[in-house]
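Peer 1: coords please:
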Amino acid sequence: MAEIRTLQDAVAELIRDGDTVALEGFTHLIPFAAGHELIRQGTTDLTLVRMTPDVVYDQLIGAGLARKLVFSWGGNPGVGSLHRFRDAVENGWPRPLELDEHSHAGMANRYAAGASGLPFGVLRGYRGSDLPARSATVSTVTCPFTGEVLAAVAALNPDVTVIHAQRADRDGNVQFWGLLGVQKEAALAARRVLVTVEELVDTLTPVPGGVVLPGWVIDAVAVAPGGAHPSYATGYSVRDNDFYENWDPVSRDRDAFTAWLKDSVYESAGGRR
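Peer 2: You can find the predicted model right below:
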């Protein structure tokens, strides 16, 4: 059952060295505040999972927290590459990074299988791709009804899923809406769930297209206004396009990145070493 906690306490209690951690969000509701708290706490040797790793994963990788990345696409949306990600893969800085790459459909099916309590998901995909040869989590299965050979992907069950949402009530029920990705599936597939929210409210009023995660599938809710910045939260904030553009030169240079990490994460308001 969800407890209302501070972000610092929730991260410390729920995320441990060596965990498989998914910080999910698509275009908006990306849990940057939680990612920065992970960096401040120095939680390490993580297997990071995400359908579309972007700048927050660049930061986590550059800070040396990740030993492996499970993903389908990675980049600075609208700008270009993730240079801390590239440096880790190409040069092993600050540490080597193991990769398990999938298609978007493959990742979505892996989360859905995990959320459904199934050992694997099935899809028509990966044909003509060399991804199955590169991953131990992709195989094939023959349909017992038609004989068709289909792709099979191992279920994803993160130790912890972290998402950002617009609001929660005081019982820990969480509501989010707008352009959504696989947050719901990633949360239901996880062993532990942390949600940061823009605000706590007494009552969750219906919103068209809104998703409600009941408090009994969530371990902790932390109030973090602006916790998706520089992404956005529909109805609460807008995307900081300048940040994404400015991230490119910062992330290209190790010294510039290290200085940014010191100033903007470790020594930011509420930050600690």
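Peer 1: quick one: the strands in the stretch 101-250 of the chain?
Peer 2: Ranges of strands in the stretch 101-250 of the chain, per DSSP state E, counting those that start in this stretch, are 120-123, 138-142, 149-154, 160-169, 174-176, 192-201, 211-213, 220-223.
Peer 1: Reformat these as TSV; add mean neighbour count.
Peer 2: No exception for glycine: its C-beta is placed from N, CA and C like everyone else's. Output for those, formatted as TSV (neighbours: other Cβ atoms under 10 Å):
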stretch	mean neighbour count
strand 120-123	18
strand 138-142	15
strand 149-154	20
strand 160-169	27
strand 174-176	25
strand 192-201	22
strand 211-213	18
strand 220-223	23
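Peer 1: Can you say which of those is nearest to residue 44?
Peer 2: strand 160-169 (14.1 Å; Cβ to Cβ).
Peer 1: And the closest one, what does it pack against?
Peer 2: strand 20-23, helix 32-41, strand 174-176, helix 183-189, strand 192-201 (3 or more Cβ pairs under 8 Å, 6 or more residues apart in numbering; DSSP states H and E).
Peer 1: Check the offset of the shortest one from the chain's centre.
Peer 2: Same thing as strand 174-176. Chain-centre distance of strand 174-176: 17 Å, with Cα atoms, centre = their mean, to the nearest Å.
Peer 1: show me where pLDDT drops low in the chain?
Peer 2: The chain contains residues with pLDDT under 70 at 269-273.
Peer 1: mind running it again at 90?
Peer 2: Scanning the chain for pLDDT under 90 picks out the ranges 1, 128, 267-273.
Peer 1: Tell me which of the strands of the stretch 101-250 of the chain approaches residue 99 most closely.
Peer 2: strand 138-142 (13.2 Å).
Peer 1: Now do the closest one: distance to the chain's middle.
Peer 2: Between the centre of strand 138-142 and the centre of its chain there are 26 Å (Cα atoms, centre = their mean).
Peer 1: Could you measure from residue 136 over to residue 50?
Peer 2: Applying Cβ to Cβ, to the nearest Å, the value for residue 136 to residue 50 is 19 Å.
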